[in-house]
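[1] Fold the following.
(one chain, ligands or ions: 1)
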Amino acid sequence: MFKFCPQCGTKLTSHTINNIPRLVCPNCHYVHWSNETISTGGIVIKDHKILLVQRAQHPGRGLWTNPGGFVEQTEDLGTSIAREIKEETGLVTKPREIVLVADKPGERNHNIFVNFQLDYVSGDFHLQTSELLNAGFFTREEIKQMPVAKLTQEIIKLVIIDEKQKPNLGKINVPSTETNGFTLYR
Ligand SMILES: [Zn+2]
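    Residues are numbered from 1 along each chain as shown. Reported below is the predicted structural model:
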């Protein structure tokens with residue numbers, strides 16, 4: 001949490017605005033409205049198999065997930081996920097559509113996780129070994145036998161592997177279920 005105004009450096013004070021206590025600058029009237037963390041995840045399909053990566057870091061070291069990471073302030077979501085996949089695995093990919101948005105509001109932080117399906121374009125594996133133990137393309141049957149993060153399991157269910165099926169471009173439906181405190185929109 002901020003203690004000092006990011007605009008002028010004056011100590012912030014608490015004021016209730018719209019029934020919620022906010023940190024306000026008594027000097028320049030800056031209001032700190034909220035803390036958000038926005039991250040992207042990607043599901044890449046190649047030869048009817050799904051790209052998964054194995055985490056090298058806690059929490060969840062050894063677990064398989066879809067690649068992803070935090071969005072930079074100045075990049076759009078599709079650029080963010082293609083960059084993350086390139087950094088982590090070396091693969092060049094192209095975003096196709098949003099398959100799932102996971103939403104986790106909280107007192108300290110509001111966590112928003114946007115997941116894309118992407119098409120494989122080019123490149124071979126060059127793993128970022130500080131982040132990953134392993135990576136590969138796997139069939140749904142193979143994935144069932146692997147330790148896969150719960151949220152990744154939910155995302156995999158929504159992915160279109162058959163290229164003949166029309167992609168459901170950018171469509172996000174009303175919230176339906178909940179996993180690990182995230183509301184899942186699909
Ligand atoms: Zn200020």
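[2] Heading C-terminal from the lengthiest helix in the chain, find the next helix or strand.
    Looking across the chain with DSSP state H, the single longest helix is helix 77-89. From helix 77-89 onward toward the C-terminus, using DSSP states H and E, the following helix or strand is strand 92-104.
[3] Report the buried residues of the longest helix of the chain.
    77-78, 80-86, 88-89 (16 or more other CB atoms under 10 Å). C-beta: built from backbone N, CA, C; applies to glycine.
[4] Can you give me every residue that contacts the residue most central in space within the chain?
    For the chain, Thr40 is the residue whose C-alpha lies nearest the centre (CA atoms, centre = their mean; 2.8 Å). By CB atoms under 8 Å, 6 or more residues apart in numbering, Thr40 lies in contact with 68-69, 71, 77, 80-81, 84, 113-116.
[5] Is it correct that it falls within a strand?
    Yes: assessed by DSSP: H, G, I helix; E, B strand; the rest coil, Thr40 belongs to a strand.
[6] Can you give me the distance of it to the ion?
    32 Å (CB to the ion, to the nearest Å).
[7] Let me see the domain layout of this structure.
    1-33, 36-185 (automatic domain parsing).
[8] Can you tell me which of the ones you listed is most buried?
    domain 36-185 (a mean of 16; mean count of other CB atoms under 10 Å).
[9] Distance from the chain centre to it, please.
    The chain centroid and the centroid of domain 36-185 are separated by 7 Å, computed with CA atoms, centre = their mean, to the nearest Å.
[10] Now mean pLDDT too, for the domains of the chain, in CSV please.
    Putting those into CSV (pLDDT from 0 to 100) gives the following:
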stretch, mean pLDDT
domain 1-33, 92
domain 36-185, 88
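[11] What distance do you get for the residue nearest to the centre of the chain to Ser34?
    19 Å (CB to CB, to the nearest Å).
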